[in-house]
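Visitor: curious how this folds, go ahead:
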Amino acid sequence: MCQTRTLAAPEAAATVAVDFFTVATIQLRVLYVFVVLAHDRRRVLHFNVTKHPTAVWAAQQVVEAFPEDSAPRYLVRDRDGVYGHTFTARVEGLGIEQVRIAARSPWQNCYVERVIGSIRRECLNHVIVINEWHLRRILKSYFRYYHETRTHLSLEKDAPVSRTVHSRESGRIVQIPDVGGLHHRYERRAA
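Guide: Sure thing, here's the model as predicted:
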């Protein structure tokens, strides 16, 4: 359960959260996934995978997530050692204020923790990851589903990318597989 106060719309639009999570491959190697999540519509703005996360690598991911003048006002993160001096300097250079959560308090970064849990439950617990390339492909497919199809209660049962509602006259309902058949979306199609 999220223990943070509900953000007002302007604050939510100006806030992102970042975090790492690990994925084991079939060869029992550990891959690290870095996720950047926008609070306002729960959109995953950027993700990347690495075998060896460093402060320099994490800082570069933040730069890639916010091209030109699209940097948010606040960045919520934990106190992981990978967010070293290089990361902090780069984020401050972009004009982003870092909000560090308390030690061992993942509920304070609940939005990104919830997304990571969804990624695990709805995708990664059902596949065997072969390598870094394969994990990127799986996550890219899952995030397309997550953004365009998956409903969110916090968004009044809409997806992060708002969907149009089709009338009954639009045709019959057809099932379309997503994420390699793990999930399905349903659309009305003309007969």
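Visitor: can you map out the strands along this protein?
Guide: 15-24, 30-38, 44-50, 74-77, 97-100, 172-178, 183-189 (DSSP state E).
Visitor: the closest residue to W57 other than its chain neighbours: how many residues sit nearby?
Guide: Spatial nearest neighbour of W57, excluding adjacent residues (CB to CB, 6 or more residues apart in numbering): T50 at 5.9 Å. The C-beta positions use only the backbone N, C-alpha and C, and glycine is treated the same way. Counted with other CB atoms under 10 Å, the neighbours of T50 add up to 15.
Visitor: and if you look at the one 4 residues further on?
Guide: Neighbouring residues of T54 were enumerated by other CB under 10 Å; the total is 13.
Visitor: tell me where the model's unsure across the chain.
Guide: Across the chain, the ranges flagged by pLDDT under 70 are 1-12, 191.
Visitor: at 50 instead, please
Guide: 1, 3-5 (pLDDT under 50).
Visitor: in it, which residue is most central in space?
Guide: Using CA atoms, centre = their mean, the residue of the chain that lies closest to the mean C-alpha position is V44, 3.5 Å off.
Visitor: contacting residues around that residue?
Guide: 35-38, 115, 143, 146-147 (CB atoms under 8 Å, 6 or more residues apart in numbering).
Visitor: now do it against S167, distance only.
Guide: Separation of V44 from S167 (CB to CB, to the nearest Å): 31 Å.
Visitor: excluding residues flanking it in the chain, which one is nearest A65?
Guide: H46 (3.5 Å).
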